[in-house]
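> For reference, the sequence and a predicted model appear below.
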Amino acid sequence: MSDKSIDYDSQNDEATAKVRMLRVSPQKLNLVSKLIRNKPVNHALVQLKFSKKRIAIDVRKCLESAIANAENNHGMDIEELVVAEAYVGKNLVLKRGRPRARGRYGKILKPFSQLTIKVRQVSNEDKKGEKD
């Protein structure tokens, strides 16, 4: 009755970690997440360790969590992990204000964002094929 050829078990080759309520704008967080997309996890960790951006600390914690999930929950080899996806989403916005001249109100928006990192195991043969 149902089509058994569809692979619904694609979650076993990926491990995910999410961080919500990061106190930074999504635009700034996306600049840091661009540094680690499609890179091996050891290179991504080094990039984040030496980044001057404040939010790189939280992105690094999220990546380490994804690596730990891959190792403990999915039994993947850490040396073969690659950051498959790192995407940013909006979260709530705190609305604050400040009185301005002539009875006006200056709007101050304090955005929050969320980050999702997916790591995937790529074998050494696949890495050699990409370089050629």
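Alright, I've got the coordinates.
> Show me what the longest helix along the chain packs onto, helices and strands only.
Counting by DSSP state H, the longest helix found in the chain is helix 56-74. When contacts are defined as 3 or more CB pairs under 8 Å, 6 or more residues apart in numbering; DSSP states H and E, helix 56-74 packs onto strand 14-22, helix 26-34, helix 41-49, strand 81-99, strand 105-121. Heads up, the C-betas are built off the backbone N, CA and C, glycines and all.
> Identify the spatial nearest neighbour of R37, chain neighbours not counted.
A86 (5.1 Å; CB to CB, 6 or more residues apart in numbering).
> residues contacting the one you found?
S33, I36, R37, V59, L115, T116, I117, K118 (CB atoms under 8 Å, 6 or more residues apart in numbering).
> My read is that the first one contacts Q114, right?
No. With contact taken as CB atoms under 8 Å, S33 and Q114 are classed as non-touching, separated by 11.2 Å.
> Of the helices and strands packed on helix 56-74, which is nearest A66?
Proximity to A66 (CB to CB) singles out strand 14-22 among the helices and strands packed on helix 56-74, at 3.7 Å.
> Contacts for the closest one, please.
By CB under 8 Å, 6+ apart, strand 14-22 touches 29, 55, 58, 61-63, 65-67, 69-70, 73-74, 76, 84, 91-92, 112-120.
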